[in-house]
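Novice: compute the structure for the input listed below.
(2 chains)
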Amino acid sequence: MSKVRVLVGTRKGAFVLTSDGKRERWDVSGPHFGGWEIYHLKGSPADPDRLYASQSSGWFGQVIQRSHDGGKTWESVGNKFLYEGATGTHQWYDGTPHPWEFARVWHLEPSLTDPDIVYAGVEDAALFRSTDGGQTWLELPGLRTHPSASSWQPGAGGMCLHTILLDPGNPRRIFVAISAAGAFRSDDAGQTWRPINRGLTSESIPNPTAEVGHCVHRIAMHRSRPGVLFMQKHWDVMRSDDAGESWREVSGNLPTDFGFPIDVHAHEPETIYVVPIKSDSEHYPPDSRLRVYRSRTGGNEWEPLTRGLPQTHCYVNVLRDAMSVDSLEPCGVYFGTTGGQVYASSDAGDSWTPIVRDLPAVASVEVQTLS
Amino acid sequence: MIRVVLPAHLRTLARVDGEVKIEVAAPATLGTVLDALEAAYPMLRGTIRDHTTMKRRPFLRFFACEQDLSHEPPETRLPEAVETGAEPFLVVGAMAGG
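Specialist: Numbers count the residues shown, from 1 in each chain, chains lettered A, B, ... in the order given. Next up, the predicted model:
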């Protein structure tokens, strides 16, 4: 019998939700690390009981936690994230130079094949890797020392590296996204990087089509087609069919093309999901109706999914790391809100139900399908 | 023997209840006490002082015997009452909630 485990990071701790394959009844454990911000936790595809969590606090800084038993018990591992060599400056919000400073880990991405290898995307933007299960961390400095780095600037949440995609067909290829610099790709396992933002347009930078400076909110891929990427940008939903070499807009009939998460159906590589948000300063759904939008055509043609979601007076946000899918049949889709609800659909988005509804503000949702 | 009182979240992280007791050679200073604390509880490294600069994290304070030692240099000798264990050394989170 299959099982589903949902890993929820919130502003005040981590929660682990489990259900059998029917996905009707859910056990909720937590809070783990109560009182700490859990930006992200994720399991290893190679060993699903190996979990990593980013635990942080304005008082006490960064801690990394590791579990060997699917989140029942945890141990703190290494938290020393030191930039390699000189750090230089990036742009501050007003365009003035600002020194690079480590703030926190936004995203942890375990290797597809080795549970002891895990990548960390951090603020101020850089990529780190551990090869010993999180005990020690080394920066892959080729990204942060890219010639364009002095022009990168923070998004509202900080200058964060928030998305890491490992290409399942090419172990040397990694995609990352940074707010607000854009998307980057490495084809040599993280040693060197180049921006992949051709086709993006952002009105809030001096040259709207510049090579870097774009506030990419999230990138998603289907593991069967790693050359096809979907992007939710600050504004605009985008698609690339050539591993990021070029992008085209697929916002189509969305009520607004601002939003944070984007994800792909587990079995249908052309079926994608977004959660439109009213605007960059009004971080709640348009018309106060929480709607997931699904496209079965890889973008452009979108349908609202509303059954089970609040359709009046709803003013929550859904953050960039707070949507995920399971790989059961039919595909399950999950997302968490800043109002503390985690909604799940066990029918690919046709209908939704809150599987827990009064958590602290949800920062991240990751789903594991266990056999 | 030095008694150290940690904020609740750091007690949880270090998996300790109540005060922490650490041995520090006399004369005990701010720096040697924090060094000994981190040696005994490595998971606290980086949570009280920056890994590299060894500066106090901005939202933490150091108190002892009703004195604020937060801005004193690391070689500052702790009060005799702390050295003898009569009074604790306190690591305190800033008043701000969150």
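Novice: after the helix with the most length in chain B, which helix or strand is next? Please name it.
Specialist: As assigned by DSSP state H, the longest helix anywhere in chain B is helix B:30-40. Once the chain leaves helix B:30-40, the next helix or strand it forms, by DSSP states H and E, is strand B:60-64.
Novice: what pairs with that following strand, parallel or antiparallel?
Specialist: The pairing partners recorded for strand B:60-64 under DSSP bridges are strand B:67-68 (antiparallel), strand B:89-93 (antiparallel).
Novice: I'd like the average pLDDT over the helix or strand following the first one.
Specialist: It refers to strand B:67-68. Next helix or strand after strand B:67-68 toward the C-terminus (DSSP H and E): helix B:80-83. Average pLDDT, helix B:80-83: 96.
Novice: right, and the helix or strand after the helix or strand hosting residue A:175?
Specialist: Following DSSP H and E, the helix or strand that holds residue A:175 is strand A:174-179. Proceeding N to C from strand A:174-179, the next assigned helix or strand is strand A:182-186, under DSSP H and E.
Novice: list of residues touching that next one?
Specialist: Here strand A:182-186 makes contact (CB atoms under 8 Å, 6 or more residues apart in numbering or on different chains) with A:140, A:142-143, A:146, A:172-178, A:192-197, A:200, A:211-214, A:216, A:219, A:229, A:231, A:243-244. Bear in mind the C-beta positions are built from the backbone N, C-alpha and C, glycine included.
Novice: and that strand with strand A:174-179, angle?
Specialist: Strand A:182-186 and strand A:174-179 are oriented at 160 degrees to each other (axes from the mean of the first three to the mean of the last three CA atoms, to 10 degrees).
Novice: and strand A:182-186, how far out from the chain middle?
Specialist: Mean C-alpha position of strand A:182-186 versus that of the full chain (CA atoms, centre = their mean, to the nearest Å) differs by 15 Å.
Novice: adjacent strands (with direction) for that strand?
Specialist: Strand pairing (DSSP bridges) places strand A:182-186 next to strand A:174-179 (antiparallel), strand A:194-195 (antiparallel).
Novice: model confidence for residue 92, exactly?
Specialist: All of this refers to chain A. On the pLDDT scale, residue A:92 gets 95.
Novice: correction: the question concerned chain B.
Specialist: For residue B:92, the predicted pLDDT is 96.
Novice: just checking, it touches residue B:59?
Specialist: No. The pair residue B:92 / residue B:59 is not scored as a contact, 9.9 Å apart, by CB atoms under 8 Å.
Novice: how about low-confidence regions in chain B?
Specialist: B:97-98 (pLDDT under 70).
Novice: could you check how far residue A:108 is from chain B?
Specialist: From residue A:108 across to chain B, the span is 17 Å (CB to the nearest CB, to the nearest Å).
Novice: same question, residue A:131
Specialist: Residue A:131 sits 20 Å away from chain B, taking CB to the nearest CB as the criterion.
Novice: isn't that residue right next to residue A:110, touching?
Specialist: No. Distance between residue A:131 and residue A:110: 11.7 Å, which falls outside the contact criterion (CB under 8 Å).
Novice: of these two, who's got more company?
Specialist: A side-by-side neighbour count of residue A:131 and residue A:110, using other CB atoms under 10 Å in any protein chain shown, places residue A:110 first with 26 against 14.
Novice: report the beta-bridge partners for that one.
Specialist: Under the criterion used here (DSSP bridges), residue A:110 is bridged to residue A:118.
Novice: let me see the contact set for it.
Specialist: Shown in contact with residue A:110 (CB under 8 Å, 6+ apart): A:42-46, A:50, A:52, A:117-119.
Novice: number of residues surrounding residue A:194?
Specialist: By other CB under 10 Å, the residues close to residue A:194 number 13.
Novice: what sits against it?
Specialist: Per CB under 8 Å, 6+ apart, neighbours of residue A:194: A:146, A:184-185.
Novice: just send those back as CSV, with neighbour count and pLDDT too.
Specialist: CSV is the format used below for these (neighbours: other CB atoms under 10 Å in any protein chain shown; pLDDT from 0 to 100):
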residue, neighbour count, pLDDT
A:146, 18, 97
A:184, 26, 98
A:185, 19, 98
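Novice: re earlier: of the strands paired with strand B:60-64, flag the one that's most buried.
Specialist: A comparison of the strands paired with strand B:60-64 by mean neighbour count, using mean count of other CB atoms under 10 Å in any protein chain shown, puts strand B:89-93 on top with a mean of 21.
Novice: that older thread, which of the contacts of residue A:110 count as buried?
Specialist: Applying 16 or more other CB atoms under 10 Å in any protein chain shown to the contacts of residue A:110, the neighbour count classes A:42-45, A:50, A:52, A:117-119 as buried.
Novice: ok, so of those, who is nearest chain B?
Specialist: Of all those, chain B sits closest to residue A:52, with 15.4 Å by CB to the nearest CB.
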